[in-house]
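Q: Structure, please.
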Amino acid sequence: MLIRNKIRAIVAAAAVFAALPAMAQQNQAADSVIIRKIYDNALTSYESYENLRYLTKKIGARLSGSPQAAAAVEWSRQVMDKMGLDRVYLQEVMVPYWVRGDKEIARINSPKSGGYTDVNILALGGSIGTGTQGLSAQVVEVKSFEELEKLGKKKVTGKIVFFNRPFDNKIIQTGTAYGGAVDQRGGGPVAAARLGAVGVIVRSMTNDLQDVAHTGGTRYADDVTKIPAASISTNGAEKLSAQLKEDPNLSFYMRMTCETRPDVLSYNVIGEIKGSEKPDEIIVVGGHLDSWDVGEGAHDDGTGCVQSIEVLRLMKDLGLKPKRTIRAVMFMNEENGLRGGLKYAEEAKAKGEKHIAAIESDAGGFTPRGFGISGTNNQYSKVLTWKPLLAPYGLHELTEGGGGADIGPLKGQGTVALIGFRPDSQRYFDYHHTVIDVFENVNRREMQLGAASMASLIYLLSQYGL
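A: Now for the predicted structure:
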């Protein structure tokens, strides 16, 4: 694998040098002037930040199926309507409607450790409730599915399984660390229920030690009993683990009144500027309009939505005429179903649309670092030729491998390149899926820089294609 990666890097570098004369012919100096204008405009306009303020403060959390999600659909449609775009429309999609219910209650009961200790939990999205009386049982702690399997039914039946594998904080990219831990949240309830567990608690998906619990989606299987599942704050997880060492027979009490209601009709919201020369070649930029029901969905993914809208505003305000069609998509239901992304790809395929690139912003509104690109060697090499234009703005990381959940279903439709916007990752999981993912924790300038970064790459894509 290492040798293959080195060969690909050598091939990509050779392609960069081979393309340099072409780059000169494409008037790099003129492109540099336009990119400077994009940044100047983005950094001196408050429109995207005020859009975020309205989305988070006036509408708030926007879980799929909720009245707030419906309000966000209408708000984003109106915002793009007022911009004078070539087309703004809604794309129907049926979405799940899960309701959290009452505030969760949880406590550790350990006489050896001084009695009751209250801890913060959040029901995982899609979980069933415990009933109004709550659930109390002994706890078994595991850090892997292999460890759980070794315990077997005899030691798991009737217990609450506590998945306590932390992020690997030696990993620089926190998204990679997240990927190394999140399988506990998604697959924990089914794995535990197969062995007779009555409930699951999962260490929150963050690299920080906090009292704040982080929610997120989980999954059930039709042939396995559904059991209540919740996340526990990392400080709570540390307490529970320590007390289990002192008192293996302690019990854990949890009360959750969440439920799943019938599916609801919702929409992806789409606005576009038609290409002046190749309107049939489409470049998508987007984020997901829905959020979890705690906090305000500011970083996840309010910033991605307003940045995507800002890309279109910048094109219009600067009088730029993209050669290819630019389409901003506010996807619905990324958090607990991905139905918006699936629906968009399904309709694109049915219509025979030609997408050449899709960019997603779903990693927070932090300082831009670059983009991750999944595509052919030639596509990646072409993006690398634009590095001299992007690097002055801090976009040094143009790496292979990228994309996003909502644009992922487009994979395989022609030669579309899937591109993930990559801001600095170090703080994202402090806020991810929590009550503190609020407007006040988004830095205006960092978010504006992100919008300008996306607009600059999209401008180049619209001019020269892939």
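
Q: which residue sits closest to Val438, ignoring its sequence neighbours?
A: Leaving aside its chain neighbours, Val438 sits nearest to Glu296 (4.6 Å; criterion: Cβ to Cβ, 6 or more residues apart in numbering). (Glycine included, C-beta is placed from N, CA and C.)

Q: Now do the contacts for the one you found.
A: 56-57, 60-61, 302, 437-439 (Cβ atoms under 8 Å, 6 or more residues apart in numbering).

Q: now the residues you listed as a markdown table including pLDDT?
A: Output for the contacts of Glu296, formatted as a markdown table (pLDDT from 0 to 100):
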| residue | pLDDT |
| --- | --- |
| Thr56 | 98 |
| Lys57 | 98 |
| Gly60 | 98 |
| Ala61 | 98 |
| Gly302 | 98 |
| Asp437 | 98 |
| Val438 | 98 |
| Phe439 | 98 |
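
Q: Just the buried subset of the residues you listed, please.
A: With neighbours counted by 16 or more other Cβ atoms under 10 Å, these contain buried members at 56, 60-61, 302, 437-439.

Q: from those residues, which is closest to Phe145?
A: When those are compared for distance to Phe145 (Cβ to Cβ), Asp437 wins out at 28.7 Å.

Q: ok, the closest one touching Asp293?
A: No: look at Asp437 against Asp293 with Cβ atoms under 8 Å: they stay out of range, at 11.3 Å.

Q: Where in this structure is the helix or strand with the lowest mean pLDDT?
A: Within the chain, no helix or strand scores below helix 2-25, which has a mean of 47 by mean pLDDT, DSSP states H and E.

Q: immediately after it, which helix or strand?
A: helix 28-44 (DSSP states H and E).

Q: Would it be right to say that Thr117 lies in a strand?
A: Yes: looking at Thr117 with DSSP: H, G, I helix; E, B strand; the rest coil, it is inside a strand.

Q: In the strand of greatest length in the chain, which residues are buried?
A: Secondary structure assigned by DSSP state E gives strand 259-273 as the longest strand of the chain. In terms of neighbour count (16+ other Cβ under 10 Å), strand 259-273 has its buried residues at 260, 264, 266-273.

Q: Pull the distance from that strand to the chain's centre.
A: In terms of Cα atoms, centre = their mean, to the nearest Å, the centre of strand 259-273 is found 17 Å from the chain centre.

Q: Now do that strand: which elements does it pack against?
A: Packing contacts for strand 259-273, counted by 3 or more Cβ pairs under 8 Å, 6 or more residues apart in numbering; DSSP states H and E, involve helix 67-81, strand 87-99, helix 303-317, strand 324-331, helix 339-351.

Q: Show me what secondary structure element comes after the second one.
A: In this case it means strand 87-99. Downstream of strand 87-99, the next assigned helix or strand under DSSP H and E is strand 105-110.

Q: Just checking: what are the partner strands of that next one?
A: The pairing partners recorded for strand 105-110 under DSSP bridges are strand 115-118 (antiparallel), strand 251-255 (antiparallel).

Q: residues in contact with that strand?
A: Residues from elsewhere that reach strand 105-110 (Cβ under 8 Å, 6+ apart): 115-121, 134, 136, 201, 230, 232, 236, 239-240, 243, 246-247, 250-255.

Q: so which helix or strand takes in Glu335?
A: Glu335 is part of no helix or strand, with elements assigned from DSSP H and E.

Q: Please list all residues in contact with the most centrally placed residue in the chain.
A: In the chain, the residue lying closest to the centroid (Cα atoms, centre = their mean) is Asp362, at 4.2 Å. Shown in contact with Asp362 (Cβ under 8 Å, 6+ apart): 287-288, 300-301, 304, 334, 404-406, 420.

Q: Among these, name the ones in helices.
A: Gly304 (DSSP state H).

Q: pLDDT below threshold where in the stretch 1-150 of the chain?
A: 1-26 (pLDDT under 70).

Q: what about the residue nearest to Val438, is that helix, strand or coil?
A: For Glu296, the assignment made with three-state DSSP gives coil.

Q: for Val285, same thing?
A: Looking at Val285 with three-state DSSP, the answer is strand.

Q: Over to Tyr459?
A: Recorded secondary structure, Tyr459: helix (three-state DSSP).

Q: how deep is it tucked in, by neighbour count?
A: By the criterion of other Cβ atoms under 10 Å, Tyr459 has 26 neighbours.

Q: Kindly give the local confidence score, pLDDT, for the closest residue to Lys349 other than its chain neighbours.
A: Using Cβ to Cβ, 6+ apart and skipping the chain neighbours, the partner closest in space to Lys349 is Gln413 (5.8 Å). pLDDT for Gln413: 95.

Q: Can you list the low-confidence ranges for the stretch 301-450 of the chain?
A: For the stretch 301-450 of the chain (pLDDT under 70), the answer is none.

Q: so Asn333 makes contact with Trp292?
A: No: Asn333 is not in contact with Trp292 according to Cβ under 8 Å; the separation is 11.9 Å.

Q: Just give the strands next to the longest strand of the chain in its sheet, each with its orientation.
A: Strand 259-273 is paired, per DSSP bridges, with strand 87-99 (antiparallel), strand 324-331 (antiparallel).

Q: Next, the angle helix 303-317 makes with that strand.
A: Here strand 259-273 runs at an angle of 20 degrees relative to helix 303-317 (axes from the mean of the first three to the mean of the last three Cα atoms, to 10 degrees).

Q: Return strand 259-273 as CSV; C-alpha atoms alone will do.
A: Taking Å, rounded to 0.1, in the frame of the first residue of the first chain, the C-alpha atoms of strand 259-273 are listed here in CSV:
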residue,chain,number,x,y,z
GLU,A,259,-40.2,7.8,20.6
THR,A,260,-40.4,7.5,16.9
ARG,A,261,-43.4,8.9,15.1
PRO,A,262,-44.6,8.3,11.5
ASP,A,263,-42.5,9.7,8.7
VAL,A,264,-43.1,13.3,7.6
LEU,A,265,-42.9,15.0,4.3
SER,A,266,-40.0,17.4,4.0
TYR,A,267,-37.7,18.9,1.4
ASN,A,268,-34.2,19.5,0.1
VAL,A,269,-33.9,23.2,-0.8
ILE,A,270,-32.0,24.0,-4.0
GLY,A,271,-30.9,27.2,-5.6
GLU,A,272,-28.8,27.5,-8.8
ILE,A,273,-27.0,29.8,-11.2
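
Q: Contacts for stretch 233-252 next, please.
A: With contacts defined as Cβ under 8 Å, 6+ apart, stretch 233-252 is touched by 106-113, 117, 119-121, 136-139, 141, 160, 162, 164, 166, 201, 203-204, 206, 208-214, 232.
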